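Asker: have a look; sequence and predicted model below, questions after that.
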Amino acid sequence: MTVDAQQRGLVLVVEDEPAIADLVRLYLSRDGFGVHLERDGAAGLAAARRLRPVACVLDISLPGLAGTEVCRRLREGGDWTPVIFLTARDDEVDRIVGLELGADDYVTKPFSPRELVARVRAVLRRTAGVPAGTDRPRVVGAVILDPARRTVTADGAPVQLTSTEFDLLAHLMARPGRVFTREELLAGVWGYAAHAGTRTVDVHVAQVRAKLGAAGVIRTHRGVGYAADG
Ligand code: CA
């Protein structure tokens, strides 16, 4: 089932519907990714630990171990490999992102395989780091964000953020006081247009706030968007 990892690295795909799995593998391979395919959650978790892929594409509804549980166990083990979920229902989205599973993105079935590939590329682009010259630590209130090390502390204590949460906070903290609309944040942080709906932004902001606790620096501008304190 394994294709040699190519120049973009190996992506683990865990999907039990063969037609979807084959399509995803085809499109990722064409784009230069190596692809390893598993069809159930337990095998997927084992493969993630064994193969150390650059990203995981996890179906939610899998035999044995659900995709959400695979992700949860990876995170519990300190593995923050980017995870993109495949969901069958749009109303699963809040649950996925809201459960502190550390999801980086999701697509809702039926999805375009091209769109999924674009999401994988976007999440890898984001986790690859920041352009030179923009990597000085940013300080807002009691929160310190270090773009080079991709670490955040609040009141001196380390805060564990997903890569998407980190990038959202980094985007806001790069220009304290500047109010970003949800559409701007989707384009600037997620790297694609607002077709997914702005709820994604709200849910991720809520997660970052929960993790920063009392040190929270993200302010809501009602009817407009969000800003870091400035
Ligand atoms: Ca399934």
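Answerer: Yep, that arrived.

Asker: closest point of this protein to the ion, which residue?
Answerer: Ser61 (4.0 Å; CB to the ion). C-beta here means a position set from N, CA and C on the backbone, and glycine is covered the same way.

Asker: wait, doesn't that residue sit right on Val70?
Answerer: No - contact criterion CB atoms under 8 Å: Ser61 and Val70 do not qualify, at 11.8 Å.

Asker: just want to know which of the two has more residues nearby.
Answerer: Here Ser61 and Val70 are compared on neighbour count by other CB atoms under 10 Å; more neighbours surround Val70, at 31 against 17.

Asker: OK, contacts around the more buried one?
Answerer: 14, 41, 44-45, 48, 56, 58, 62 (CB atoms under 8 Å, 6 or more residues apart in numbering).

Asker: let's see that with 10 Å instead.
Answerer: Neighbour list for Val70: 12, 14, 38, 40-48, 56, 58-60, 62, 64, 83, 85, 101 [criterion: CB atoms under 10 Å, 6 or more residues apart in numbering].

Asker: again with Ala42
Answerer: Ala42 is in contact with 14, 62-65, 69-70, 73, counting by CB under 10 Å, 6+ apart.

Asker: what's the PyMOL syntax to select whichever of those are buried?
Answerer: Buried residues among the contacts of Ala42 (16 or more other CB atoms under 10 Å), as a PyMOL selection:
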select buried, resi 14+62+65+69+70+73
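
Asker: the strands in this structure, which residues?
Answerer: With DSSP state E, the ranges of strands along the chain come out as 10-14, 34-38, 55-59, 83-87, 105-108, 138-140, 143-146, 151-154, 157-159, 180-181, 218-221, 225-228.

Asker: let me know which of those strands is tucked in deepest.
Answerer: strand 55-59 (a mean of 28; mean count of other CB atoms under 10 Å).

Asker: now that strand: average pLDDT?
Answerer: Averaging pLDDT along strand 55-59 gives 95.

Asker: picking up where we left off before, from the contacts of Ala42, which ones fall inside helices?
Answerer: 69-70, 73 (DSSP state H).

Asker: in a markdown table: those, plus pLDDT and distance to the ion.
Answerer: Below are the ones in helices among the contacts of Ala42 laid out as a markdown table (pLDDT from 0 to 100; distance: CB to the ion, whole Å):
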| residue | pLDDT | distance to the ion |
| --- | --- | --- |
| Glu69 | 92 | 13 |
| Val70 | 94 | 12 |
| Arg73 | 92 | 18 |
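
Asker: rebuild those residues as a markdown table, extending it with distance to Leu172.
Answerer: Formatted as a markdown table, the ones in helices among the contacts of Ala42 follow (distance: CB to CB, whole Å):
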| residue | distance to Leu172 |
| --- | --- |
| Glu69 | 31 |
| Val70 | 30 |
| Arg73 | 30 |
